[in-house]
Every structure is written in C-alpha cells, then in structure tokens.
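Visitor: build me a model from this:
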Amino acid sequence: MAPPVAVLTDKAPKPIPQLSQAVKYNGMVYCSGSLGVDPKTSKFVEGSVKDRTRQALKNLSAVLEAAGSSLKNVVKVNVFLTDMSNFTAMNEVYDEFFVWEPKPCRTCVAVHQLPFNSDVEIECTAFESVKARL
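Guide: Down below sits the predicted model:
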C-alpha cells in the first residue's frame, strides 16, 4: 500500500504550516476544513455566510480536483457554524453544489468559535476518481 500523499493547489488558500489541504490515502481524499477565503487575496470574501459557504465549497472543489477527485465523489461532509441561525442560508448554498443523488452523508454542528473568526467551516471526505488511480 502506498503511503499517504499531501495535496496542494494554489487554486485554494494556502494551508497553515500545521496541516495539509488534503491527504490522499488508499483511494480516499481527506480534506481539511475550508473557510470562505479567496485564494487570490488570502482574505475572507465579503458578504454573508452564504458568500463564505460558497467560497469554502469552491475551495474544497479545487482541492479535490488537484487530488484527482471531485465534489461528485464526496461521501461525507462536516459543516461547522458559529450560529445555527445560519443553517438555512448555508443549506441554500450547499444545495447549489450537491445536486445529484445520492447526497453525501453530512453532519452540521454549532461551535463556539472557528479559526480567524469565521462563521462557517466545511470539511469533506471523497474517493479518488477511477481514472486518477490508473
């Protein structure tokens, strides 16, 4: 079995030194939490939790593509919100990205605080595309 491999793309925000954007292992891609940060500016996108949710999912999509996977291969998503009153708004954007069946399994929890005072963070696990493993 091949060892774990870190994934890095400049199409998503640069990770802090303590983590990888994702790790590929045994046909799976484990993505670190993604914030609503624009990779070009390294700043949070302005607007509402919807805007930051959209950017976080775009960032995860870029990381998955760099890993030889895609959002269509996601099997599990974890969403962290600092305020559950944002649940409906986050879901509206989430539904823009996950439009096929079966939907990934998902957990959404409210947390006291997120890194850099974000209001949303999203992580996921996906499988590699078959052709990426050939």
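Visitor: touching, residue 87 and residue 81? I think so.
Guide: Yes: taking contacts as C-beta atoms under 8 Å, residue 87 lies within contact range of residue 81: 6.5 Å. Heads up, the C-betas are built off the backbone N, CA and C, glycines and all.
Visitor: who's more crowded, the two?
Guide: Between residue 87 and residue 81, residue 81 has the larger neighbour count (other C-beta atoms under 10 Å), namely 22 against 14.
Visitor: would you mind measuring from the more buried one to residue 16?
Guide: According to C-beta to C-beta, to the nearest Å, residue 81 and residue 16 sit 21 Å apart.
Visitor: show me what contacts the residue positioned nearest the centre of the chain?
Guide: Centroid-nearest residue in the chain: residue 60, 3.5 Å away (criterion: C-alpha atoms, centre = their mean). Taking C-beta atoms under 8 Å, 6 or more residues apart in numbering, we find residue 60 in contact with 12, 31, 34, 71, 122-124.
Visitor: neighbours around the closest residue to it other than its chain neighbours, how many?
Guide: What sits nearest to residue 60 in space, not counting adjacent residues and going by C-beta to C-beta, 6 or more residues apart in numbering, is residue 34, at 4.8 Å. The burial count assigned to residue 34 is 28, neighbours taken as other C-beta under 10 Å.
Visitor: so what's the model's average confidence on stretch 1-17?
Guide: Regarding stretch 1-17, the rounded mean pLDDT is 95.
Visitor: the residue nearest to the centre of the chain should be in a strand, yeah?
Guide: No: assigned with DSSP: H, G, I helix; E, B strand; the rest coil, residue 60 falls outside any strand and is helix.
Visitor: burial count for residue 14?
Guide: The number of residues packed near residue 14 is 12, by other C-beta under 10 Å.
Visitor: to clarify, my last question referred to residue 21.
Guide: For residue 21, the count of nearby residues is 23 (other C-beta under 10 Å).
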